[in-house]
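Got a predicted structure plus its sequence, pasted below:
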Amino acid sequence: MKLALPKGWIQGYTAAFLERAGFEYLDYSESSRSYRPKSKTFPDLFTKVLQEKDIAIQVASGNYDLAICGSDWTQELLAKYHSDAIVKVRDLGYGQRELYLSTSRFSGLHSVEDVKSVPGPVRIVSEYPNLAEAFALKLRLPNFRIFPLWGATDAYPPEHADLAIVSATSVEDIEEKGLIPIARILSGNACLIANRNSLEQKDMSSLMAPFYRTNPKVKEEEKELTISEIDSEDKFEFSLFPDDVVSLALADGHQQSHTIKFLKEAGLKVKGYRSPLPTRRPIPVFDGVSVKVVRPQDMPLQVANGNFDLAITGQDWLADQLDRFPLSPVEELVSLGFGRVRIVAVVHNDVPAESTSALKALMRSGEIPVLRIASEYTNIADKYARDNHLSPYKVIPSWGATEAFLPEDADVLIENTETGSTLRKNNLKIIETLFESTGCLIGNSNSLIDPAKKDRMERMIALFEKGLDQG
Amino acid sequence: MKIPRCKGASDLMPQDMLRFRRIEEVFRTSCLAWGYKEIRTPTLEYLHLFTSAGTLTPEMLSRVYTFLDWDGWSGERVVLRPDGTIPAARFYVENMLDVPVARLCYVENMFSFEGTGQKSRERWQCGAELIGGTEPKGDAELIMLALEILNKLSIGPVSVKLSHVGLFKTLLKEMGLDEEEQSQRLKEILSGDTSILSNIEGQSPGVKRFLNLLLDLQGTSSGFLENLKSVLPKKLKPVKHCIDDLSQIAELLDSIGQDYEIDLASGEGFEYYTGMIFQLYSMGKALGHGGRYDELIPLVGGNNVPASGFALFANRIDLVRIDEAKPGPVKILLTSRVGQEEGMKYSFEIAGVLRTEGYVVQIDLGKDSGTEYHWLVSFERKGKQILFSLTDATTGEDQPELSRKQLLEALKAGAK
């Protein structure tokens, strides 16, 4: 029997629930890092800890019999892929989250009615692109564009998106992020979900019983996509956003410390760009530029569509964008040299292959009927498989902790590694280095020739190049 | 390794293709003879062509094949055409705005996801659209054209059922439902469940009685519609103009002498339908449907032009019979008995001559079994001459040493 448990913010609550349910996990707690915790009560149970966003896909594809996962992520999968492969077994009564349709307090869209009357395409950003699309269809928006994001959704409205669909625990939670909610579209708790075939074919009763014993009085909520309006009319303000400034995106997360160091050495001061981050809109101490802090994974696409003119991201994410959309107007302007990683193809140590061609030979011999490639870089992974004729293959998208996929849930990873130590620790080995990647300044190709922005763009690029020399 | 067919996709076998081409041919020649012009719209369209309210329901849209194009970084999505009428409407607006009455036809494939993988996710349709202010005569023309095509295909007795989407829309409004509920109920009606009408609560006994009549009875003349009007409850007065509308078409069909059935419960159709709709059946199987869509052209950017159309389901090929008794083309297997290079040269030349005479000629590549032919022709060199031998594949009877002229005469004389 195989059970998947979530990582992230819900991990602590889930651990507490499982404790009450008597699973006696040795190494699954709020801060535990093990990918394969063991239950004392169920010694034969195989448990894997995965990113919450990955869990529903894993259960639907039959890799896991049971899993705990927020109902928002289950709905996100089902909104696009009508599948009866997932069965919701039980609402677990904790980890409540709600999805809100939000705008900025400076937005002109104050209600759902306003949204419906937008003449041009409505730009919606979200970490839940499938639900965002289902919402747009339900609202009968005649023209809309969905921009999937890795995070920092709250940074986009109003200039770079009309609407953001974000998850939060309450209205106040949304407002703290500087957004104004105008409707609640989904609400739900953590749930026990099961693979339909497993439920039909395996006796899982002893494993499921504790879930029913714990929190027996849970009130089940309707989990359909509904549009409940929230009256926020009095919370809006008016503000103009100049459109001739050059907009620069800086990274949060992993890359932030590298970027801070580089900017400091280059003498480019950005007030409020520090860790922990006090605002997603820090103030640059140089003219004609506005700054936002977003996820580096999202930058190439956001630069391509003109939301940002410049961004500091990694060459890996730029490559991933260009592998999917080779004609998109985004290009590398300055290689910044920091945060150097290798993008590598990785297999488990037990796989008798030391190279991609050896892996291909293994496939030919029939040992791997369909190659499962897990990666955060889905487009690089796809290209790797295509270029090497590793057919048939499947790319399994992942939202982090990809090393946990091997060997059970994938055959190969396309990962980044600095020193290789995390890979070694997880009993994995590199079979090919695809390329090296460092931080880089990228820019929108159209902005570079736009007369209103050209000079300022060039000045910025020169400042970065100068900073590089000084660093 | 054997690579299976994609789930939900189907192959058409040679026999199926014969039937498919027959449908296509009958459809095309009929439409062209009625003055319709054939078009072909692209398989890929922008998704937002189909997302405006009044085109396809959110349920249908949640089953379309949509993805980001190569320039999808802009967020623009494209879709594998889920419907033929909406692209035809776009085509009209883009190319034919100055044409007062546009008659268009097409044979195209449509794509929509179907969960079980049992049914095909790709469907072929023969569609005809009549765009311009032509109601109700245009509606009658479309019905008659569709029937002519089905009759020529000798599928068997075809019945026409008439209904009216505008009538349902008006009914739902007059029954006091709010907008959200009206659109929800209409969706159910359009997916074929008209029974929900009788279950709407809070209606007076008079309204209920009328609905029962409306849904239970099947009229066979315009008189039926007159009867309905006479028992129309006061509350539902606005429904009258829809019944009148349907009456006009029924009267036209009466005058042509075309049988039909007014079955208001047969409400299946698309959200873009606004008025009369019709369904075509044979032996209980749906063969196609059509209807009036007066609001679609303005929705896709055109003027306020009324229109109607129909689609026949070309995947109903199982119902089309290919006449086995009708003699097919005479088939010849041509074998060379001279040296390879010279043999190929003559094979192509002689096969060309025989084909222009109307024979189906296959050149023997060394592995053809010879079982499916009427004649076996071989040739060899005798001095400077090429001589032919002709064998009747059924009897084995042989005519050796023929000249080219004699060969052609012998084939004609022994015509099969």
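Cool, the structure landed.

So what's the residue count around the closest residue to chain A within the stretch 251-400 of chain B?
The stretch 251-400 of chain B approaches chain A most closely through B:Leu299 (8.6 Å), counting by Cβ to the nearest Cβ. C-betas here are computed from N, CA, C, even on glycine. Look at B:Leu299: counted by other Cβ atoms under 10 Å in any protein chain shown, it has 18 neighbours.

Please apply the same query to A:Gly443.
24.

how about it, what does it touch?
Residues in contact with A:Gly443, defined by Cβ atoms under 8 Å, 6 or more residues apart in numbering or on different chains, are A:303, A:309-311, A:330-331, A:333, A:457, A:461.

For it, what is the enclosing helix or strand?
Assessed by DSSP states H and E, A:Gly443 sits inside strand A:439-444.

moving C-terminal of that strand, what's the next helix or strand?
Taking DSSP H and E, what comes next after strand A:439-444 is helix A:454-470.

now that following helix and strand A:439-444, what's the angle there?
For helix A:454-470 against strand A:439-444, the angle by axes from the mean of the first three to the mean of the last three Cα atoms, to 10 degrees is 170 degrees.

To which secondary structure element type does the nearest residue to the residue of the stretch 251-400 of chain B closest to chain A once chain neighbours are set aside belong?
Excluding its sequence neighbours, the residue lying closest to B:Leu299 (Cβ to Cβ, 6 or more residues apart in numbering or on different chains) is B:Ser52, at 5.2 Å. Secondary structure state of B:Ser52, per DSSP: H, G, I helix; E, B strand; the rest coil, is coil.

Can you report how many residues lie near B:Ser52?
So B:Ser52, with other Cβ under 10 Å, has 19 neighbours.

That one against A:Pro142, yeah?
Yes: the pair B:Ser52 / A:Pro142 is scored as a contact, 4.2 Å apart, by Cβ atoms under 8 Å.

State the three-state secondary structure for the closest residue to B:Pro233 other than its chain neighbours.
Spatially, and ignoring its direct neighbours in sequence, B:Pro233 is nearest to B:Gly206 (4.2 Å; Cβ to Cβ, 6+ apart). Following three-state DSSP, we place B:Gly206 in the helix state.

Equivalent analysis for B:Glu59, please.
B:Glu59 is classified as helix under three-state DSSP.

Quick check on residue 259: phi, psi?
Defaulting to chain A. Here is the backbone geometry of A:Thr259 (degrees, to the nearest 10): phi -70, psi -40.

The residue lying farthest from the centre of chain A and chain B, how far apart?
No residue in chain A sits farther from the centre than A:Ser365, which is 35.9 Å out by Cα atoms, centre = their mean. As defined by Cβ to the nearest Cβ, to the nearest Å, A:Ser365 lies at a distance of 12 Å from chain B.

Could you report the separation of that residue from A:Ile373?
Going from A:Ser365 to A:Ile373 by Cβ to Cβ, to the nearest Å gives 19 Å.

residues from chain B in reach of chain A?
B:3, B:48, B:51-53, B:58, B:61-63, B:68, B:70-77, B:113, B:115 (Cβ under 8 Å from any Cβ of the partner chain).
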